[in-house]
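Q: One predicted model, sequence on top.
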Amino acid sequence: MVTKERKLIVIGRHVRVSFPDLGFTQVDAKVDTGAFRTVLHCERCEEVETPLGKQLMADFKLEGDEVRTYYFTDYFSKEFKSSFGEKEKRFCIQTMLQIGKKKIKSSVSLTDRSDMKFQVLIGRKTLLRRFLVDVSQKFA
């Protein structure tokens with residue numbers, strides 16, 4: 001059997017992540033191997049009717065930046081269960097994210113994380129077969 005060896009990038013439990021499609025760079029994020037999907041803070045998120053049809057309107061405000069509003073046509077909604085066991089319907093988008101030099105097209109769920117220390121969680125779907133997490137490190 002022939003196996004293809006891939007070298008994993010070692011990251012710490014906290015990383016800086018950029019979202020090039022959204023114009024956000026070097027946002028502090030928590031690596032969460034218990035979370036399936038990556039989560040991004042969103043001030044407000046709702047479906048709206050536009051001249052181009054139904055779209056998702058999302059307001060982002062990361063790390064003291066001013067509010068930026070984006071419209072998405074490629075999105076879906078899904079029910080999530082929080083770590084507290086509460087169910088919540090969230091919208092998810094496809095967007096590019098970058099950790100170090102590695103760019104990844106990822107499915108990202110949107111929710112209000114204004115009361116959390118980190119506005120971004122990196123889930124295991126984004127990490128899988130790309131990164132190895134060394135929990136003794138931060139921002140590595």
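A: Cool, the structure landed. Please read all numbers here as calculations on a predicted model, not as lab measurements.
Q: Now Leu62: phi and psi?
A: Phi and psi for Leu62, reported as degrees, to the nearest 10, are phi -110, psi 130.
Q: likewise Gly100?
A: Backbone geometry at Gly100, expressed as degrees, to the nearest 10, gives phi 60, psi -130.
Q: now it: how far from Val135?
A: In this structure, Gly100 and Val135 are 17 Å apart, going by CB to CB, to the nearest Å. Any C-beta I mention is one placed from the backbone N, CA and C, and that applies to glycine too.
Q: What of Gln26?
A: Taking CB to CB, one finds Gln26 at 21 Å from Val135.
Q: Direction included, what does the helix or strand where Val27 lies pair against?
A: According to DSSP states H and E, Val27 maps onto strand 24-31. Sheet pairing here is set by DSSP bridges, and for strand 24-31 it gives strand 14-19 (antiparallel), strand 120-122 (parallel).
Q: before we move on, what SS does the closest residue to Thr95 other than its chain neighbours have?
A: Counting by CB to CB, 6 or more residues apart in numbering, Thr95 lies nearest to Asp21, which is 4.8 Å off, once chain neighbours are set aside. At Asp21, secondary structure determined by DSSP: H, G, I helix; E, B strand; the rest coil is coil.
Q: Please read off the pLDDT at Asp21 from the model.
A: At Asp21 the predicted local confidence, pLDDT, stands at 94.
Q: what's the answer for Ser114, then?
A: We have a pLDDT of 88 for Ser114.
Q: what do you get for the one 10 residues further on?
A: Model confidence at Arg124, expressed as pLDDT, equals 93.
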